[in-house]
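> Got a predicted model here, sequence first, then my questions.
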Amino acid sequence: MLTYKIRHNRDFSHELLLAKKVADFALETGSRSSKDVKHIGLKSMIANQILRKYSHDKKLKAVRNVVLTIPRQGIQVDKDIQQIKIACLKLELEYQFPNNFSKINQIEINKDFAFVSVSIEEQPERVVDGYIGVDRNTTGHVAVVGNPSTGKVLKLGKQAEHIHKKYKNIRRALQKKGKYGLVKRIKHRESNIVRDLNHKISRKIVDTADKNNVGIKLEDIKKIRKNVKSRRGFRYSLNSWSYYQLEQMIKYKAKLLGIPVAYVEPAYTSQNCSMCGHLGNRSGKSFKCPGCGHVDHADSNASFNIALRQIKDGRLCVDRDAYKGSTDTPQTAMMGTTLTVEPHVL
Ligand SMILES: [Zn+2]
């Protein structure tokens, strides 16, 4: 199951108000019959969903954030023109997310967005011609991606460090002034920006793998934390939720295309020469090999090493739960509930 978010550009404030009334009614009376709320005037298909949700919730004291829930039978989809129709709201939605879903389960609509929940068809894992390596323990990028078969390197997410520093300073200043509510909001804003960035970076990595028909190798993150000293400059990424989030995004986007994702041991990925395997000299961003004379950017060298390294225990990543990783907030990211992919960053 995946949930995609689409901006609907319609004013549903009237319908949302009616939905709130139906929910209040359901909570108060426990009624589950749409006949009882006919006088309110909400479309019965939506009213039914709301009654079902609120009538038996004994723990709920008050109704908040009611959404318009449209069940599967109220939704039509045309995959050729990538359009969804919701007849009872006379709403047509263009979507940009991939067509590889088997069905739309339901759509929830709030003030600004439609949340489209779909079931995904399982893609068989493809046979690949080698791997690209993703280095996430870099000197200033979120990820550096090396493809040994083409010699090409992608450096992605340079702005993340700047974003982190900027928001850290803002938070500090606000904390000093005792404005804790604002601190929380700023934190939320930062996590949204980082999530968007992670979406773009993971998209780029998976697209690169797709185009070259290669798999993706990552360093085993737990091992990095334990054994490998973080490189200077960008320590923040190593222990943060954003690091984990990026990994989840790479995994589910790859899985949708049948691209294998594998883990390798992180030891010495930055010290060894990717050309001859010799222990080299690193200083800052440069790498020099005394064995073969190879000179490279340290992060590029590391990403090639990751790409060429043996897969750990022959264990490929066949994480069936990859879809469930949430990208919503740092907290729920670890819990794994629903995944929101914003079409504009895909
Ligand atoms: Zn060498």
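Yep, it's here. Residues are numbered from 1 along each chain as shown.
> where does the stretch 201-346 of the chain come near the ion, residue by residue?
273, 275, 276, 278, 289, 291, 292, 294 (C-beta under 5 Å from the ion). From N, CA and C alone the C-beta is placed, and that goes for glycine too.
> can you list those in TSV and add secondary structure, neighbour count and pLDDT?
What follows is those, written out as TSV (DSSP: H, G, I helix; E, B strand; the rest coil; neighbours: other C-beta atoms under 10 Å; pLDDT from 0 to 100):
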residue	secondary structure	neighbour count	pLDDT
273	coil	23	95
275	coil	18	93
276	coil	12	94
278	coil	13	93
289	coil	20	96
291	coil	13	93
292	coil	12	95
294	coil	16	95
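> Please tell me how far residue 270 sits from residue 149.
21 Å (C-beta to C-beta, to the nearest Å).
> Can you check what pLDDT the model gives the residue of the stretch 101-250 of the chain found nearest the ion?
When scored by C-beta to the ion, the stretch 101-250 of the chain has residue 148 as its residue closest to the ion, at 13.7 Å. Here the pLDDT value assigned to residue 148 is 95.
> before we move on, what about residue 220?
According to the prediction, residue 220 has pLDDT 83.
> could you say what helices and strands the longest helix seen in the chain packs with?
Ranked by residue count under DSSP state H, the longest helix found in the chain is helix 180-212. Applying 3 or more C-beta pairs under 8 Å, 6 or more residues apart in numbering; DSSP states H and E, we find helix 180-212 packed against strand 131-135, strand 143-147, strand 152-156, helix 159-176, strand 215-219, helix 241-256.
> what's the burial count for the closest residue to residue 312 other than its chain neighbours?
Computed as C-beta to C-beta, 6 or more residues apart in numbering, the closest residue to residue 312 that is not its neighbour in sequence is residue 263, at 4.7 Å. As a burial measure, residue 263 scores 21 neighbours (other C-beta atoms under 10 Å).
> Pull up the gap between the nearest residue to residue 144 once chain neighbours are set aside and residue 10, please.
Once flanking residues are discounted, residue 144 sits nearest to residue 299: 4.0 Å by C-beta to C-beta, 6+ apart. Between residue 299 and residue 10 the distance is 46 Å, computed by C-beta to C-beta.
> element containing the residue nearest to residue 8 when sequence neighbours are not counted, please.
Leaving aside its chain neighbours, residue 8 sits nearest to residue 114 (4.8 Å; criterion: C-beta to C-beta, 6+ apart). Element membership of residue 114, judged by DSSP states H and E, is strand 113-120.
> And the contacts of that strand?
With contact meaning C-beta atoms under 8 Å, 6 or more residues apart in numbering, strand 113-120 is reached by 1-8, 67, 84, 91, 93, 95, 97, 100-109, 256, 323, 338, 340.
> still on that earlier bit, more neighbours: which of residue 270 and residue 149?
residue 270 (23 against 12).
> what's that one in contact with, if anything?
Contacts of residue 270 (C-beta under 8 Å, 6+ apart): 135, 137, 228, 231, 282, 287, 298, 301, 302, 305.
> and if you look at residue 156?
141, 142, 143, 144, 145, 201, 204, 205 are the contacts of residue 156 under C-beta under 8 Å, 6+ apart.
> Which of the residues you listed lies at the shortest distance from residue 50?
When the contacts of residue 156 are compared for distance to residue 50 (C-beta to C-beta), residue 201 wins out at 38.4 Å.
> Residue 311 touches residue 217, doesn't it?
Yes: Residue 311 is in contact with residue 217 according to C-beta atoms under 8 Å; the separation is 7.2 Å.
> For these two, list the residues in contact with both.
262, 263, 264.
> roughly how far apart are the first one and residue 197?
This means residue 262. 24 Å.
> sorry, back to before: report the buried members of the contacts of residue 156.
Listed as buried from the contacts of residue 156 are 141, 142, 143, 144, 145, 201, 205; burial here means 16 or more other C-beta atoms under 10 Å.
> Out of those residues, which is nearest to residue 31?
Nearest to residue 31 among those: residue 201, at 48.7 Å, using C-beta to C-beta.
> Which residue is the nearest non-sequential neighbour of that closest one?
Residue 201's closest residue in space is residue 156 (C-beta to C-beta, 6+ apart), at 4.6 Å.
> circling back to that earlier point, check the helices and strands packed on helix 180-212 for me and report the most buried one.
Highest mean neighbour count among the helices and strands packed on helix 180-212 (mean count of other C-beta atoms under 10 Å): strand 131-135, with a mean of 28.
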